[in-house]
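Asks: when you get a sec, could you give me coordinates for this:
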Amino acid sequence: MIARLIRSSGGSGNATSSFTDTGEIADWALDAVTTVNRYGFMKGESNYFRPASSLTREETAALLERLLTYSTKHANQTASTASSIRLGWQYDQTVQQFENTVLQSNINTLSPRWFFLNETGSISDYTNASLLTWAKQHHKNIWAMVGNRSNLVLTHQILSSEVLRNKTITQLANAVSVYGLNGLVIDFENVDGQDRANLTLFVQQLKAKLKSQNTVLAICVSPDYGTDWTAAFDYKQLGAAADYLILMGYDEHWGGSSIPGSVSSLPWLRESVRRFVQTTYPEKAILALPLFTRNWTLNASGHSIASSDISLDQQNQLVSRSVSKPIWNEDIQQYTVSYKDTQLHKLWLEEGRSFTRKYRLGQDAGFAGFAYWYPGGASSDLWSSVKNADRFIQRGL
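Replies: Okay, the predicted model is just below:
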């Protein structure tokens, strides 16, 4: 009951391995025993857990006192969680559609894709005045996104040139001042590893320029698995320079992969977070979570021959038409389902059960908040699950 109450998974059961009588603990109870032991609720006696023994009055009192202490402490630490950063990128939606989605959700920070690099150093500006007005009326912050359109050559051109870099920074600072923006989100993808130092310098100089305006600066980074894709990210230096790093917690299996799989399985995300917090303080981190999945088309050997990104509404429509029922995969904490038209397809589903497990991971890690790519991809039922997760954390559960 306590393990369920605090909504925590016991994991591998390593915490019970020190008990002399571990073998007497039922398989169904191992995760719960791991949890209560790990949190210090039930520590055993003389290296014995005694799973078949009755709980004494004294032990019950001690257990309740520990639970009360934990609940109070946890509630104090996380009371502001539900009101912390909940960022949503505007993508594939009109302004009105985006506004309607925001009102259904817990999003308090809007990140419209307004600014992009160009070769002259004068940013491309797509600011929408009506969204600025709406955000102020509804007390939402705006951290406008600054993108590079995944253009490696252009990004190198800007970052490596002191003149173009300074011009871009000045243009961005001016836009912040003119539009009264609360922040900027740098989202540069496909950056060459040789631009590592200059990317850090860009963020440092931009933050210095924005300091007098009290403007938040965040930068998006991918999980570090030692690939060329992340070679340009000096996580420690970027974390020191920017106000927040946004960890992109998806693309475990990217769209062009020949191996189909989850966009973001819980074990992969947990490992991504573990690596990330080795270089970045959690309180300076925002966990970006996927509100989309991929529809994989498979050949006879089970390899992917094509994939397409789909929204969760599109996912649910495909599931409703499938003759197969979704199957819960305990290892990755997601449902999967297959269906066939002229070819075989497979989906790794993102829905309330899987999504809130990722959400809780970020909460337990002490992250400053969450970001959603992308709000327009969510199904309405998912926002209910997220709001329930916020209510649990507000209560210290």
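
Asks: leaving out the residues flanking it, which one is nearest to residue 103?
Replies: Spatial nearest neighbour of residue 103, excluding adjacent residues (C-beta to C-beta, 6 or more residues apart in numbering): residue 138 at 7.7 Å. Heads up, the C-betas are built off the backbone N, CA and C, glycines and all.

Asks: ok, which stretches of the protein are strands?
Replies: Taking DSSP state E, the strands of the chain run over residues 85-90, 109-116, 124-125, 141-147, 183-187, 216-221, 244-248, 285-290, 293-298, 304-310, 327-329, 334-340, 344-348, 369-373.

Asks: may I see the ones you listed organised as a markdown table, with mean neighbour count and distance to residue 273 added?
Replies: Output for these, formatted as a markdown table (neighbours: other C-beta atoms under 10 Å; distance: least, C-beta to C-beta, whole Å):
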| stretch | mean neighbour count | distance to residue 273 |
| --- | --- | --- |
| strand 85-90 | 24 | 16 |
| strand 109-116 | 23 | 21 |
| strand 124-125 | 14 | 34 |
| strand 141-147 | 22 | 22 |
| strand 183-187 | 24 | 20 |
| strand 216-221 | 24 | 12 |
| strand 244-248 | 25 | 7 |
| strand 285-290 | 23 | 7 |
| strand 293-298 | 21 | 20 |
| strand 304-310 | 15 | 23 |
| strand 327-329 | 13 | 20 |
| strand 334-340 | 17 | 17 |
| strand 344-348 | 20 | 19 |
| strand 369-373 | 24 | 12 |
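
Asks: what about the residue nearest to residue 103, distance to residue 98?
Replies: Going from residue 138 to residue 98 by C-beta to C-beta, to the nearest Å gives 12 Å.

Asks: higher neighbour count, these two?
Replies: Taking neighbours as other C-beta atoms under 10 Å, residue 138 and residue 98 compare with residue 98 leading, 24 against 12.

Asks: pretty sure that one contacts residue 378?
Replies: No. Residue 98 lies out of contact with residue 378 (C-beta atoms under 8 Å); the separation is 11.8 Å.

Asks: tell me the contacts of residue 126?
Replies: 112-116 (C-beta atoms under 8 Å, 6 or more residues apart in numbering).

Asks: quick check: the two most widely separated of these?
Replies: Spanning the widest gap among the contacts of residue 126 are 112 and 116, at 12.0 Å by C-beta to C-beta.

Asks: still on that earlier bit, just send the contacts of residue 126 back as TSV, with distance to residue 218 and pLDDT too.
Replies: Converted to TSV, the contacts of residue 126 look like this (distance: C-beta to C-beta, whole Å; pLDDT from 0 to 100):
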residue	distance to residue 218	pLDDT
112	14	98
113	14	98
114	15	98
115	14	98
116	17	98
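
Asks: distance between the ends of stretch 102-122?
Replies: Start-to-end span of stretch 102-122 (C-alpha to C-alpha, to the nearest Å) is 31 Å.

Asks: ok, now stretch 245-257?
Replies: 26 Å.

Asks: since we're on the residue lying closest to residue 312 once chain neighbours are set aside, how many residues are nearby?
Replies: With C-beta to C-beta, 6+ apart as the criterion, residue 312 has its nearest non-adjacent residue at 4.2 Å, and that residue is residue 379. For residue 379, the count of nearby residues is 19 (other C-beta under 10 Å).

Asks: contacts only, for residue 379.
Replies: 311-313, 315-316, 351.

Asks: quick one: the helices in the chain, in order.
Replies: Using DSSP state H, the helices of the chain run over 2-5, 30-38, 57-78, 95-104, 129-137, 152-160, 162-179, 196-210, 235-241, 266-276, 312-321, 352-364, 380-394.

Asks: quick one: closest of these to residue 188.
Replies: Nearest to residue 188 among those is helix 152-160 (5.9 Å), distances taken as C-beta to C-beta.

Asks: now the angle from the closest one to strand 109-116?
Replies: Counting by axes from the mean of the first three to the mean of the last three C-alpha atoms, to 10 degrees, helix 152-160 points 90 degrees away from the direction of strand 109-116.

Asks: can you put the helices of the chain in CSV and add mean pLDDT and distance to residue 219?
Replies: Converted to CSV, those look like this (pLDDT from 0 to 100; distance: least, C-beta to C-beta, whole Å):
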stretch, mean pLDDT, distance to residue 219
helix 2-5, 76, 37
helix 30-38, 81, 34
helix 57-78, 76, 25
helix 95-104, 97, 22
helix 129-137, 98, 22
helix 152-160, 98, 13
helix 162-179, 97, 13
helix 196-210, 98, 6
helix 235-241, 97, 6
helix 266-276, 97, 13
helix 312-321, 96, 27
helix 352-364, 95, 18
helix 380-394, 86, 24
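
Asks: residue 251 is nearest to which of those?
Replies: Per C-beta to C-beta, nearest to residue 251 of the helices of the chain: helix 266-276, 10.0 Å.

Asks: in the closest one, what counts as buried?
Replies: By neighbour count with 16 or more other C-beta atoms under 10 Å, helix 266-276 contains the buried residues 266, 268-270, 272-273, 275-276.

Asks: what's next to that helix, contact-wise?
Replies: By C-beta under 8 Å, 6+ apart, the residues outside helix 266-276 that reach it are 223-225, 235, 245, 247, 249, 252, 262, 285, 287, 331-334, 354, 357-358, 361-362, 365.

Asks: go ahead and build a ChimeraX selection from the buried members of those.
Replies: In ChimeraX, a selection of the buried entries from the contacts of helix 266-276 looks like this (16+ other C-beta under 10 Å):
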select :223,224,235,245,247,249,252,262,285,287,332,333,334,354,357,358,361,362,365
